[in-house]
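Peer 1: Build me a model:
(chains A and B)
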2 protein chains.
Amino acid sequence: MTDERMNGADALLQTFVANGVTACFANPGTSEMQFVSALDREPAMRSVLCLFEGVATGAADGYGRVAGKPACTLLHLGPGYGNGLANLHNARRAYTPVVNVIGDHATYHRQYDAPLNSDIPAIVGPNSIWVKSADSPDAVGALAAEAVAASFGPPGGPVSLILPADSAWSPANGKGPVADLPVRPVPDANLVYGVAERIRAAKKPLLLISGDLTLAKGLALVARIEAAGVRVMTAGFTSKQARGAGRFLPARMAYFAEQALDDLAGTDLMVLAEAKLPVAFFAYPDRASVLVPEGCVVETLCDVGGDGLAAIEMLAEALGAPKEGPASEHKLPDMPSGPVTAGTVGASFARHLPESAIVSDDGVTSSAGAAGYGARAAPHDWLSLTGGAIGQGMPVAVGAAVAAPDRKVISLNGDGAAMYTVQSLWTMARENLDVTVIVFANHVYRILSIELDRTGAGNAGPAASRLLDLGDPRIDWVSMARGMGVPASRCETAEAFDAAFAAAMQESGPKLIEVVLG
Amino acid sequence: MTDERMNGADALLQTFVANGVTACFANPGTSEMQFVSALDREPAMRSVLCLFEGVATGAADGYGRVAGKPACTLLHLGPGYGNGLANLHNARRAYTPVVNVIGDHATYHRQYDAPLNSDIPAIVGPNSIWVKSADSPDAVGALAAEAVAASFGPPGGPVSLILPADSAWSPANGKGPVADLPVRPVPDANLVYGVAERIRAAKKPLLLISGDLTLAKGLALVARIEAAGVRVMTAGFTSKQARGAGRFLPARMAYFAEQALDDLAGTDLMVLAEAKLPVAFFAYPDRASVLVPEGCVVETLCDVGGDGLAAIEMLAEALGAPKEGPASEHKLPDMPSGPVTAGTVGASFARHLPESAIVSDDGVTSSAGAAGYGARAAPHDWLSLTGGAIGQGMPVAVGAAVAAPDRKVISLNGDGAAMYTVQSLWTMARENLDVTVIVFANHVYRILSIELDRTGAGNAGPAASRLLDLGDPRIDWVSMARGMGVPASRCETAEAFDAAFAAAMQESGPKLIEVVLG
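Peer 2: Numbers count the residues shown, from 1 in each chain, chains lettered A, B, ... in the order given. Prediction:
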């Protein structure tokens, strides 16, 4: 007599779907075959094959940022997770909910240290806000529900559910519950009034925001604070920021410490709202680590993961702020001409960007043009590299396009960054995702040639130069894209890019445009 | 007054060179700029830029297997290590000495949890046999020497030296010592005589070998044991195995547990020499985990990392073994014809392989032809996927070619595996490495379609099939290779492949041949 109960893999998928997790970015191996098979019995789960795990995890990050709920990944033991680690690092820094399912050996097989065995909890720990292993099939459903809820935090982040093969293939008692989602802590009124007092007493107060406050609703609120005389600033890299016409564009913390401190000179009060204490991306000899001017007092209005919207609304009332604050105008740049540059790309970007577009930015030194001109473009959302691990531009775009099939997605990539997870292009072709990929081909790790000097390492000699140079040989991005089924073109003039980008915005489906910078 | 002493990065490089570490596979970031700069002052260190860290770590594995000494890697904090984790997992399973240098934030900057901060010791721990952080510049030299020595084990493996940015940029007292290398334990004579006794008493004894015993000298010794009536077998995947004409070819442990146990039926004594207890690669419902027949006694002649050569020489004498054992004949196959298959590729491989070639095998289900026919080819070395994490075929070839510039390197890759670290092709072009890359394009994760059934997951429905299928769209490997500067061709017939492979063996420099399998 066969056991007619569902197996652990079925329990997992059914629980995920019941908890709203309906997209899976996968690169499976032998230990995940039951999960793969169970997909045929759970049509509500959309599975997307990625030919490298770094694509899958970056896609889950992009999906989570856009959908506001987690996708799951399917990863093959410790090495499979390792391949996806860097983009989970970025997701952790973006507070994106992601549910990783990491297949493992059968529980009884672990003791034999087979070739693919490794210490999965140790590897996943640093980039997971929750880690558990489902060591029996009956545990799978409950843990799946717990994992989804845990991924919301607050603040949210990647969680890791380890799924041994025998827990997946053995009969299970049933699916897990629908988990309650965590509630964000309510702001304390006395704390908010206290902050309002200090703002009134300050000469040059600053509000540093992150999290929900960079979305459309949050920006409308903090614009009122700006209108009340408080400078509003975002961290250098935000998980998702509403930009473009009609949205308030706060100042942005400069990347380099000395520039940031110059910009902040005279600031005597810094109020943090869903933001961490600002620190330099890297340390440099004889430069500051903490980006707070001497003598400036730091107050926390609302922790990361707290209800920043409620806190800012209370603060605005306490300050008697105007009902409306500043917003960007819709004022498109002229047609650019001449050699293509980051700036001319930015102008074309603003000219042709459709409303509600999503931008995945891994452009490193080359996306400043698009970011600058973008404030004048149609309203759109901007997803930044929060964790500093390059190689998320295309994967995040994959996930964003799966989460929002009706919105145009633009992926901005430095050529060095684009190589990291170039396999993304294949998934864009396979799924016919509406993503326009821009690769800025400057043939160098430009940021590093800047950093070499700043770290006191001096000028690059022949050996050092060669480690920063991508131009020998030059990568042919059109060939690369076509090799993976994505139509592509190369632009050397501003006019050519403007035309290619305009066409891409009109059409649907994946495209790659190589921008030849010098 | 400036401090004229060397800095920590100089101390590191000079110590590495003094300890024989003269190759560095690198993908640097800001925190590694001092190391990059110091390369200009230490010309004895060859640095090789890789456009993804998985290429760098796999290359270090290939280098270590071929050179018998470590290369170093240069990796960018936790995420950079993460990108290289899977191939370090493989290196750990191959017992390959590798010295990872992982740049970190300045020691005083760590406390601020900047965006790229993570728990590096936790991430690197599971795949490192030694981990230390050089938290002062004066510690760098001594720790560098210690790291190199530690990488030799025995058994060898990857070690991880964390290098905070301030330890690299601050003045250091000098380079570290030349470290003594570890000595392998001498075999115990009584133990060896005891094993010889038990072999004589056994009906069907088996010697399972790994480590040094699969190299030319070891194989000549174990061939004597075979000639004395003991069946000799290798583990399924060996780090480096001397193969081809004149070399003894032991039996190979079958991949699937039931086939392995069928093959071992009647074996009443299993002697392990530098080999672990054989276990199944994966567990399957109702199949064995341990690949030892019931009633078979297991004896350890020599631990992994022990002096297997000495132990086998003593055993051969104790058994009164003949002075010479069997060896493969040089007997080339005929020219193949018809559609190209794994088998016809194998025949061409054997026909044209030059003496002393090195084969990096990540061919998954498609390299059996080359492995089978290869026994009759000119003598060569074969590097297998020891850790099961696909994506090492091209990176390991990069490292092998750097370690042995006068030897032809052939890289065998399944198409799924090749996508993992496809950026390797660029480094082959940049360094003009003498590597012929073969990609078996069967447009499917073939091994998984076999495993799906074996794990009891049944037949693949539409969703499951799609997660194993690489054929929509088909990857154009010729475009991919050309996009990264590697000349490439596509073969659909046995004759075409024979001609292309023959030409590649005559010429020098990187080439890619796409083998279209159906």
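Peer 1: Name the residues of the stretch 251-400 of chain A found near chain B, please.
Peer 2: Residues of the stretch 251-400 of chain A lying close to chain B by Cβ under 8 Å from any Cβ of the partner chain are A:276-277, A:279-283, A:285, A:289-290, A:386-389, A:391. Backbone N, C-alpha and C define where each C-beta goes, glycine included.
Peer 1: Taking these, please make a ChimeraX selection of just the buried ones.
Peer 2: Burial among those is assessed by 16 or more other Cβ atoms under 10 Å in any protein chain shown; the matching ChimeraX selection reads:
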select /A:276,279,280,281,282,283,289,386,387,388,389,391
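Peer 1: Lowest-confidence member of the residues of the stretch 251-400 of chain A next to chain B, which is it?
Peer 2: Model confidence across these bottoms out at residue A:285, which has 90.
Peer 1: Tell me which helix or strand residue A:413 sits in.
Peer 2: Residue A:413 is part of strand A:409-414 when elements are defined by DSSP states H and E.
Peer 1: Please apply the same query to residue A:473.
Peer 2: Residue A:473 is located outside every helix and strand, with elements delineated by DSSP H and E.
Peer 1: Phi, psi for it please.
Peer 2: Main-chain dihedrals, residue A:473, degrees, to the nearest 10: phi -80, psi 160.
Peer 1: burial measure for it, as a count.
Peer 2: The tally of other residues near residue A:473 (other Cβ atoms under 10 Å in any protein chain shown) stands at 15.
Peer 1: Please apply the same query to the one 3 residues further on.
Peer 2: Applying other Cβ under 10 Å, we find 20 residues neighbouring residue A:476.
Peer 1: which residues touch it?
Peer 2: Counting by Cβ atoms under 8 Å, 6 or more residues apart in numbering or on different chains, residue A:476 touches B:482-485.
Peer 1: Could you do residue A:252 as well?
Peer 2: Shown in contact with residue A:252 (Cβ under 8 Å, 6+ apart): A:233-234, A:236.
Peer 1: Go through the contacts of residue A:476 and flag which are in helices.
Peer 2: For these, membership in helices holds for B:482-483, with DSSP state H as the criterion.
Peer 1: which of the contacts of residue A:476 are close to chain A?
Peer 2: Filtering these for proximity to chain A by Cβ under 8 Å from any Cβ leaves B:482-485.
Peer 1: I'd like these laid out as CSV, including pLDDT and neighbour count.
Peer 2: Below are the ones next to chain A among the contacts of residue A:476 laid out as CSV (pLDDT from 0 to 100; neighbours: other Cβ atoms under 10 Å in any protein chain shown):
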residue, pLDDT, neighbour count
B:482, 98, 20
B:483, 98, 27
B:484, 98, 28
B:485, 98, 20
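Peer 1: Now flag whichever of these is closest to residue A:92.
Peer 2: The closest of the ones next to chain A among the contacts of residue A:476 to residue A:92 turns out to be residue B:484 (Cβ to Cβ; 31.4 Å).
Peer 1: That closest one and residue A:482, how far apart?
Peer 2: Distance of residue B:484 to residue A:482, given as Cβ to Cβ, to the nearest Å: 13 Å.
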